[in-house]
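Q: Kindly return the folded structure for what I paste below:
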Amino acid sequence: MSDWFTFTTFDLIGDLSFGVEGGFGCLQNSSYHPWVKLINTSIRQRGKMRGIMSLGFQRPISWLHKTASSWFASGRHHRIVKEKVVQRMKGGERPDFLEGLIRNKEELNLDIERLALNASTLILAGSETTATLLSGVTYYLTTHTELLKRVRDEVRSAFQSDEEITLTSVANLSFMLACLNETLRCYPPFVTGAPRQTHKDAIIAGKFVPRGTVVSVFQYAANHDEHYWKDPEKFAPERWMNDAKYKGDQLDAMQPFSLGPRNCIGRNLAYAEMRLILAKLIFNFDLTLADDSRDWLVGQKAYTVWDKPALNVYLKLITP
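A: Coordinates of the predicted model:
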């Protein structure tokens, strides 16, 4: 399932960002597009680079990345994005994410480099992280069958046909949304935190932090801190539904999309994708976790996002 979720989200973002019908063609070909493979490699490579840089090698790594970017997957990815943006600029108007940026590039002072950076952000924000969240919620629901039944009953009682499931109508599925939010807490797709640079000397968490320091709040740590959450290791969607048992939880401690004017631009897209895809999946199929995926969460490594193993799930098509 993890691969199929990735195929779906990458194809969606390819269509929405670059106006290419069918996106990257992953679903059509039942395989990863070479560019999608490169993006995944880039994500893992960036995570390793951040670890190396934190050991005191920031300057040499930064210099190497600037002078020999083709050695890095991220450099090759950026070059492809620029090529795609140039192609898109020649393609005329189409209602996609880049159309507005291209049309107003002079007013917004966006050269080709800035357009490419925005396009890259859209691709990364709207694909791998959403696929990871969908994989996570599928695992949690199939290992908590009573919760899966509750979501299934909510979805199938709300709709009579697949066509009724739209971006607007899924907004009424409150328990399904609670399950998605709880997955964001327990299994945040962006494991680390959005980096921010201090503009002046500051005291953070009781420690002196000099001006120019890069800081962040690690999502996984904050989301599992007993100071903010009752039973933080328990998957409990009811904490998002005003359950008295969890009235002491500080729900705003979870900020998977960060805060402020520089928060994730893909927030609304991510919520729309995850709600629509999960609702359609549960409406059309009964889900049963395969025995070889019972320990799917155990031992996963995080390179900014999770390095997910195969998630094997039996799907039974529900006929009208």
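
Q: Please enumerate the helices of the protein.
A: 2-18, 26-29, 34-52, 58-67, 73-90, 97-103, 112-125, 128-142, 145-158, 174-186, 219-223, 267-284 (DSSP state H).

Q: What residues of the longest one count as buried?
A: Right, helix 34-52. Neighbour counts over helix 34-52 (16 or more other CB atoms under 10 Å) mark 35-36, 38-47, 49-50 as buried. C-beta here means a position set from N, CA and C on the backbone, and glycine is covered the same way.

Q: ditto for the fifth one
A: By neighbour count with 16+ other CB under 10 Å, helix 73-90 contains the buried residues Ala73, Ser74, Arg76, His77, His78, Val81, Lys82, Lys84, Val85, Arg88.

Q: What of the last one?
A: With burial defined by 16+ other CB under 10 Å, the residues of helix 267-284 counted as buried are 269-279, 281-284.

Q: ok and it relative to helix 174-186, angle-wise?
A: Helix 267-284 and helix 174-186 are oriented at 120 degrees to each other (axes from the mean of the first three to the mean of the last three CA atoms, to 10 degrees).

Q: Now distance to Ile318 too, for the helices of the chain, in CSV please.
A: Output for the helices of the chain, formatted as CSV (distance: least, CB to CB, whole Å):
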stretch, distance to Ile318
helix 2-18, 18
helix 26-29, 21
helix 34-52, 30
helix 58-67, 50
helix 73-90, 39
helix 97-103, 34
helix 112-125, 32
helix 128-142, 16
helix 145-158, 8
helix 174-186, 17
helix 219-223, 34
helix 267-284, 6
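
Q: which outside residues touch stretch 305-315?
A: 1-3, 43-44, 47, 128-129, 132, 135, 138-139, 142, 187, 189-191, 285-290, 292-293, 296, 300-301 (CB atoms under 8 Å, 6 or more residues apart in numbering).

Q: run the last query once more with 7 Å
A: Residues outside stretch 305-315 that contact it (CB atoms under 7 Å, 6 or more residues apart in numbering) are 1-2, 43-44, 128-129, 132, 135, 138-139, 142, 189-191, 285, 287-290, 292-293, 296, 300-301.
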